[in-house]
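Peer 1: here is a sequence together with a model predicted from it:
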Amino acid sequence: MKTLQSRRDFMRLVGLGTLASVVPSVAKAATVPHVVVVGGGFSGATSAKYLKLWGGSSVNVTIIEPNRTYVSPILSNLVLNGQRSTESLSFTYTTFSSKYGINMVHKSVTAVDKTAKILTLDDGSTIAFDRLVLAGGIDFEKVNDYDMTKVTHAWRGGTQTNLLKDQISSMVDGDTFIITIPAAPYRCPPGPYERACVVADHLKNTRGYTNAKVIVLDANVKITVEEETFATAFTDYGVDYRSSATVTSVDDTTNSVTFTHDGALTTLSAKVLNVIPDQKAASVIFTAGVNSGNWAPVNPLSYESTLASGIYIIGDSQATGQPKAGHIGNSEAKICADAILRTLNGVALNTAPKTNSACYSPVSSSSASWLSGVYKYDNQTQQMVLANIDSGTPTTGNYRQMFLWSGNLFSDTFS
């Protein structure tokens with residue numbers, strides 16, 4: 001497998017706002033087609049923005065997003081050690097209406113009529129569409145009904161992140177922090193391992209705790225990504241890592257988690273219990289009936305559903321086998337926007353799309369690793385396959401580059 005040759009190659013490949021294909025201009029139609037995007041995260045916001053950038057007045061675009069502010073999960077682990085705030089990771093949708101002429105509707109979708117092409121919203125109003133893009137992210141599969149304000153997941157940015165930060169801030173030396181990692185696939189593969197490192201570093205090196213414990217309960221058979229980097233960090237921090245640990249129940253009154261491991265059923269309690277549940281596609285995917293199992297199958301040339309024409313699924317809910325994360329969601333969104341404009345204009349799809357999954361992972365308050373994978377369309381399997389991959393070990397230089405990378409992504413998506 002070909003690898004990238006340097007961090008320069010990496011930074012070139014993570015460059016945002018470009019697409020290999022030439023996007024055709026859409027001819028004026030008697031009735032301007034209406035594309036509705038459900039979800040205003042990295043995937044949904046990017047697709048709406050680029051539909052207008054490339055399509056201009058030849059396409060009307062609406063974003064349906066219940067929240068008026070989007071809080072990035074990217075860099076959110078740095079909220080836990082006080083290096084960032086959720087306010088610094090918050091983005092509004094002002095430019096979408098003022099700069100791009102995108103209609104913003106802050107509601108939730110309660111019904112999807114695929115035949116009539118009509119969405120029903122939570123206030124009873126309806127919106128018609130010609131093309132529908134679903135970019136709702138992920139939803140959770142809890143093992144039992146526990147209070148998530150007590151046992152947090154912090155896998156969506158914002159309130160949950162601040163709850164977890166406050167819980168960590170209340171820890172004293174000798175306390176235990178437990179984090180559970182869901183079975184793959186889940187949003188942001190390095191994220192839980194990164195979080196364990198950031199918390200362990202914060203407790204040990206910033207707060208000087210010598211007896212605080214960090215326990216990682218991983219449902220997967222091994223560390224799913226950057227195995228050597230995270231395994232080394234866990235050893236250095238004294239993290240208790242347990243693989244093949246499947247959560248069976250959570251008790252929010254005793255702050256305890258029960259799990260199977262090595263054929264035995266074990267219960268552990270902690271001062272801070274951070275349970276990240278198994279994940280599935282966003283609820284709107286099931287409302288629209290475009291799921292197969294927990295995820296939504298699509299044609300990766302366009303991200304159009306294989307179960308319903310005119311409906312596209314991008315970001316965390318898609319079932320292409322590509323990672324679920326903000327950067328690659330941004331990449332998928334551009335391919336989807338390109339495909340929609342081509343289809344509306346009667347132009348053939350790009351048959352050789354490429355996407356890039358890139359991220360930096362802080363493992364301390366001053367060092368970060370990086371990972372990049374490039375995916376390309378394979379004609380034989382009709383799937384996106386990994387074409388090349390490379391990574392960099394934790395350094396202070398990578399830590400600085402992390403903010404350039406994330407800043408570029410934030411700007412490309414929300415500015």
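Peer 2: Now that the structure is in, tell me what you want to look at. Since the model is a prediction, treat every value here as computed from it, not as a measurement.

Peer 1: next, name the residue at the spatial heart of the protein.
Peer 2: The centre of the chain sits closest to Ala325, judged by CA atoms, centre = their mean, with a distance of 3.3 Å.

Peer 1: does it touch Asn356 like I think?
Peer 2: No - the criterion here is CB atoms under 8 Å, and Ala325 misses it with Asn356 at 10.6 Å. Bear in mind the C-beta positions are built from the backbone N, C-alpha and C, glycine included.

Peer 1: and the residue nearest to the centre of the chain, what pLDDT?
Peer 2: We note a pLDDT of 97 for Ala325 in this prediction.

Peer 1: quick one: end-to-end distance for stretch 281-291.
Peer 2: End-to-end span of stretch 281-291 (CA to CA, to the nearest Å): 8 Å.

Peer 1: buried residues, it. List them.
Peer 2: Ala281, Ala282, Ser283, Val284, Ile285, Phe286, Thr287, Ala288, Val290, Asn291 (16 or more other CB atoms under 10 Å).

Peer 1: next SSE downstream of the longest strand along the chain?
Peer 2: In the chain, taking DSSP state E as the definition, the longest strand is strand 383-395. Next along the chain after strand 383-395, taking DSSP states H and E as the criterion, comes helix 396-414.

Peer 1: helices or strands up against that next one?
Peer 2: helix 7-13, helix 42-55, strand 90-92, helix 326-344, strand 354-362, strand 368-378 (3 or more CB pairs under 8 Å, 6 or more residues apart in numbering; DSSP states H and E).

Peer 1: quick check, distance from the last one to the centre of its chain.
Peer 2: This points to strand 368-378. 15 Å (CA atoms, centre = their mean, to the nearest Å).

Peer 1: and the angle for that strand with helix 326-344?
Peer 2: Between the axes of strand 368-378 and helix 326-344, defined by axes from the mean of the first three to the mean of the last three CA atoms, to 10 degrees, the angle is 30 degrees.

Peer 1: what's the domain layout of this structure?
Peer 2: Structural domains assigned to the chain are 28-137+282-353+398-410, 142-278, following automatic domain parsing.

Peer 1: return the most buried member of those domains.
Peer 2: Across these, the average number of neighbours (mean count of other CB atoms under 10 Å) peaks for domain 28-137+282-353+398-410, which reaches a mean of 20.

Peer 1: quick one on the thing from earlier: make a markdown table from the domains of the chain and add distance to Ser365 to it.
Peer 2: Below are the domains of the chain laid out as a markdown table (distance: least, CB to CB, whole Å):
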| stretch | distance to Ser365 |
| --- | --- |
| domain 28-137+282-353+398-410 | 6 |
| domain 142-278 | 6 |
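
Peer 1: for Asp390, find the nearest of those.
Peer 2: Across the domains of the chain, Asp390 has its closest neighbour in domain 142-278 (11.4 Å, CB to CB).

Peer 1: show me how far the closest one is from its chain's centre.
Peer 2: That offset, for domain 142-278, works out to 19 Å (CA atoms, centre = their mean).
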